[in-house]
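Chemist: Based on what follows, work out the 3D shape:
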Amino acid sequence: GPPQIARLLGYLVQRTIGYGLRWYGSVEDSGAIPVLDGAAAPGWSPAAAAAMDGAIGRAHTRGADAATGVDLLAALAHDRECRAVEVLHRAGVDLDSLTKRLDDEAAH
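Modeler: Numbering: from 1, shown residues only. Purely as a prediction, here's the structure:
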């Protein structure tokens with residue numbers, strides 16, 4: 001609902017301002033895919049590349065040619081080790097309910 005969305009947006013702003021510089025020089029490795037030299041997309045972390053692959057796979061499963069923001073959200077929510085899930089969790093999002101709802105919507 002609206003209070004949860006406001007918390008999420010506020011937390012995203014806080015993370016962007018407060019932690020952006022700290023994260024800038026690091027590579028996020030959620031464990032979803034191995035860290036390799038020559039990343040799938042230059043400048044992308046392994047977690048970001050895995051999320052995009054998951055979003056595209058989800059889109060293809062539902063018969064779409066391109067992924068949407070909901071596809072990306074679903075892919076991120078399923079990777080419990082990525083920073084995006086940490087942001088969602090700290091904003092008060094029930095990740096189990098979110099992934100179930102997104103999976104149910106994709107099945108229809």
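Chemist: Poorly predicted segments of the chain, please.
Modeler: Scanning the chain for pLDDT under 70 picks out 1-2, 4-42.
Chemist: go again using 80 as the cut-off
Modeler: Scanning the chain for pLDDT under 80 picks out 1-45, 107-108.
Chemist: which residues in it form helices?
Modeler: According to DSSP state H, the chain carries its helices in the segments 2-24, 46-61, 69-78, 83-90, 95-107.
Chemist: how many other residues sit next to the residue nearest to residue 78 when sequence neighbours are not counted?
Modeler: For residue 78, ignoring the flanking residues on the chain, the nearest one in space by Cβ to Cβ, 6 or more residues apart in numbering is residue 99 at 6.0 Å. Every C-beta, even on glycine, is put in place using the N, C-alpha and C of the backbone. For residue 99, the neighbour count with other Cβ atoms under 10 Å is 17.
Chemist: which residues does residue 99 contact?
Modeler: Applying Cβ atoms under 8 Å, 6 or more residues apart in numbering to residue 99 gives the contacts 74, 77, 78.
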